[in-house]
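**Student:** coords please:
(chains A and B)
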Amino acid sequence: MEVNEQTVRSATRPGGGVKRSSGRALRRKRLLSAWLFMLPLLLVNVLVILGPSVATVYYSFTDWSGLGPAEWVGLQNYTDIFSDGDFWGALGHNLLWTVIFLTVPIGMGLGGAFLLSQITRFQMIFRVLYFIPYVMASVVNAALWQNILDPDRGVGSVLANFGIPWLDGVSFFGSERLALPAVAFVDNWHWWGFVVLLFLTALQSVDKELYEAARIDGANRWQQFVNVTIPGIRATLVFVVLITIIGSLLVFDYIYIITQGGPAGASEVVGTLMYKEAFGRFEAGYAAALGLGMSFISGIIVLVFIYLRRRGWEI
Amino acid sequence: MTSVTQGRRSRREPSKAPYYVVLVLLALFAVGPLVVLLFNSLKTSAEIGRNPLGPPLSPVFENFSTAWSQGGFATTMVNSAILTVGTVVGVCIISGAAAYAMARLDLPGTDVVLLYLFVASALPFQLFLVPLFFLWSSLQLTNTLIGLIIIYWAIFSPFATLLLRSYLVALPRGFEDAARIDGATELQILLRVILPLSWPGFLTIALVSGLGAWNEFLFALTFIQDDALKPVTTSFNAFQSNFSRDWGLTSAAGIIIIVPVVILFLLLQRRFISGLTAGGLKG
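**Tutor:** You can find the predicted model right below:
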């Protein structure tokens, strides 16, 4: 909001008492056309994102069904959140999700990118293949894995035919214990290839002579990876960690599509909970408080990151 | 090239074969499920029961025509095409104009606008979805394609503008200055000078926002309930729950949805990858 205020102020400032020379008139014309060119962007942004975001702040203090007038209830929604067992359960799942995504795709991404950076032949083909799941629609990816992981007609039954019975009849998405990790597995399947390419781009900008120097000093491949590669790609690594944490706090798509938070809330996250509150239970005020709360937490994380960077942390 | 020269330089350099083994395993993990999807789209329900993941022994192609008609693809494909084209055209205009203003017209407060765009491109849907829905219903924009397109303009244009701006900043200014001296207006300069020089930047943002619109789920789910207006994604979701046991059909429907995207991606993969990973490079 503050940002927009500043934008408006700087927009209005230069319009005043500049009327004399033709140079100034020309400058003013340029300024006017500059703002004219910005106008469509600002309009749709204010209408779709900024305006409703500000409205969320207001509605989070109200009891509102989404229809009709909203009734001011002060901090009621927020105190309700604190005593809402569903919320704490969902938040716990968000944290588990964060742990999974901070380890598995980042590990696969680093490993995959490192291996790719060491080869030249077929590198392009691998890159393209790893990236394909990322460009596919989430609904198709979800359906595809629901098919493969089906308890009766999926990979479990095929393995059972080969004498490996452990996965036979296991309902990955239907079990309270497995639903969340199983959905995370599907989401990760479409995500890790993207992480590989982020890391690969970073790796390719690491100075080759550093590896040469490390090799001369007798460093083996693992030592090169730890002492040359990781520091060289630190900025990208931190960026991926950041988008992973925020993405995990706000995750919605795959969970909603595959399990809708079930069974019995076993894969519910705050994103799906908020969606149900708003559009299933018509608790739009409560949903606004949930949405604002999660956005607030992710905003804090970004600010901490920026603050640490300003303080001179090399991240 | 470096690996070849390195190999020659030191005999002790270990072989790259283990690397390729791991890379191939990863490739199988990425693409194997897609192959299963393709296999299953060519099987009858009965065959999937007997042979869930393997290649089809007697391929049937009827799944595609059945899925096309049962899934209402004649309608939903058109809807998705309208959404995608509308989004791409709009984002190119909106972001093109904004990026031009910032890169070339000495827009005052560019730093603030840039910061706002960074923030706006990262704002979570949770922050604005609920009031936006009720705003859109009061404006009667729910259950309209243009209503959804406007939302896509707003969510895809900040990132596209940042990308285009960095592209425009790097272009030499000489041509425009010459055109300006000849008395061209800013719009003429944008259309006749900048556009022909910066089309790769525009192509990139077109691909990124087009892909986003084609695959988008959450906003389409929330804002379009009318079956006749649903895009392929949410329509597929409903189709899948109706025919959940007929994997031949749902697999064929899935293939229909991803084929245009995958083909376009394979044709223009460098540009897709550079555009989609551009956010990461700024980190």
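
**Student:** which residues in the stretch 201-315 of chain A form helices?
**Tutor:** In the stretch 201-315 of chain A, the helices defined using DSSP state H, counting those that start in this stretch lie at A:208-216, A:221-224, A:230-232, A:234-249, A:253-258, A:270-279, A:284-310.

**Student:** quick check: buried residues in the last one?
**Tutor:** When burial is assessed from 16 or more other C-beta atoms under 10 Å in any protein chain shown, helix A:284-310 yields the following buried residues: A:284-295, A:297-299, A:305. C-beta here means a position set from N, CA and C on the backbone, and glycine is covered the same way.

**Student:** just to revisit the earlier point, chain B: which of the helices of the stretch 201-315 of chain A is closest?
**Tutor:** Set against chain B and scored by C-beta to the nearest C-beta, the helices of the stretch 201-315 of chain A come closest in helix A:234-249, at 2.5 Å.

**Student:** ok, that closest one near chain B or not?
**Tutor:** Yes - judged by C-beta under 8 Å from any C-beta of the partner chain, helix A:234-249 comes into contact with chain B at A:Ala235, A:Thr236, A:Val238, A:Phe239, A:Val240, A:Leu242, A:Ile243, A:Ile246.

**Student:** remind me what that helix packs against, helices and strands.
**Tutor:** In terms of contacts (3 or more C-beta pairs under 8 Å, 6 or more residues apart in numbering or on different chains; DSSP states H and E), helix A:234-249 is packed against helix A:85-118, helix A:179-204, helix A:284-310, helix B:278-281.

**Student:** possible to save these as JSON lines with distance to B:Phe64 and mean pLDDT?
**Tutor:** Formatted as JSON lines, those follow (distance: least, C-beta to C-beta, whole Å; pLDDT from 0 to 100):
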{"stretch": "helix A:85-118", "distance to B:Phe64": "33", "mean pLDDT": "94"}
{"stretch": "helix A:179-204", "distance to B:Phe64": "24", "mean pLDDT": "94"}
{"stretch": "helix A:284-310", "distance to B:Phe64": "40", "mean pLDDT": "88"}
{"stretch": "helix B:278-281", "distance to B:Phe64": "36", "mean pLDDT": "56"}
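
**Student:** so which of these gets nearest A:Ala266?
**Tutor:** helix A:179-204 (4.7 Å; C-beta to C-beta).

**Student:** just for the chain, where's the confidence low?
**Tutor:** Here I'm looking at chain A. Along chain A, the parts satisfying pLDDT under 70 run over A:1-22, A:312-315.

**Student:** look at chain B instead
**Tutor:** Confidence mapping of chain B against pLDDT under 70 gives the ranges B:1-14, B:279-283.

**Student:** repeat that for 80
**Tutor:** Chain B contains residues with pLDDT under 80 at B:1-14, B:106, B:121-122, B:243-245, B:278-283.

**Student:** that one: strands as residue ranges?
**Tutor:** Assigned by DSSP state E, the strands in chain B number zero.

**Student:** so which residue is dead centre in it?
**Tutor:** B:Leu211 (1.5 Å; C-alpha atoms, centre = their mean).

**Student:** A:Met136 versus that one, what's the distance?
**Tutor:** From B:Leu211 across to A:Met136, the span is 10 Å (C-beta to C-beta, to the nearest Å).

**Student:** what sits in contact with each of the two?
**Tutor:** Taking C-beta atoms under 8 Å, 6 or more residues apart in numbering or on different chains as the criterion, B:Leu211 and A:Met136 both touch B:Val261.

**Student:** contacting residues for A:Leu198?
**Tutor:** A:Gly109, A:Ala113, A:Thr236, A:Phe239, A:Val240, B:Thr277, B:Gly280.

**Student:** ok, the biggest helix by length in chain B near chain A or not?
**Tutor:** The longest helix of chain B (DSSP state H) is helix B:73-104. Yes - contact of helix B:73-104 with chain A (C-beta under 8 Å from any C-beta) involves B:Ile93, B:Ile94, B:Ser95, B:Ala97, B:Ala98, B:Tyr100, B:Ala101, B:Met102.

**Student:** right, and A:Gln76 touches A:Phe82 too?
**Tutor:** No - using C-beta atoms under 8 Å, A:Gln76 makes no contact with A:Phe82, being 11.1 Å away.

**Student:** which of the contacts of A:Leu198 sit farthest apart?
**Tutor:** Maximum distance among the contacts of A:Leu198 (C-beta to C-beta): 13.9 Å, for A:Ala113 and A:Phe239.

**Student:** neighbour count: those two, which is higher?
**Tutor:** A side-by-side neighbour count of A:Ala113 and A:Phe239, using other C-beta atoms under 10 Å in any protein chain shown, places A:Ala113 first with 25 against 20.

**Student:** in contact with the closest residue to B:Ala97 other than its chain neighbours, which residues?
**Tutor:** Nearest residue to B:Ala97, sequence neighbours excluded (C-beta to C-beta, 6 or more residues apart in numbering or on different chains): A:Phe37, at 4.1 Å. When contacts are counted by C-beta under 8 Å, 6+ apart, A:Phe37 touches B:Ala97, B:Ala98, B:Tyr100, B:Ala101, B:Leu105, B:Glu186, B:Leu190.

**Student:** and if we set it to 6 Å?
**Tutor:** Counting by C-beta atoms under 6 Å, 6 or more residues apart in numbering or on different chains, A:Phe37 makes contact with B:Ala97, B:Tyr100, B:Ala101.
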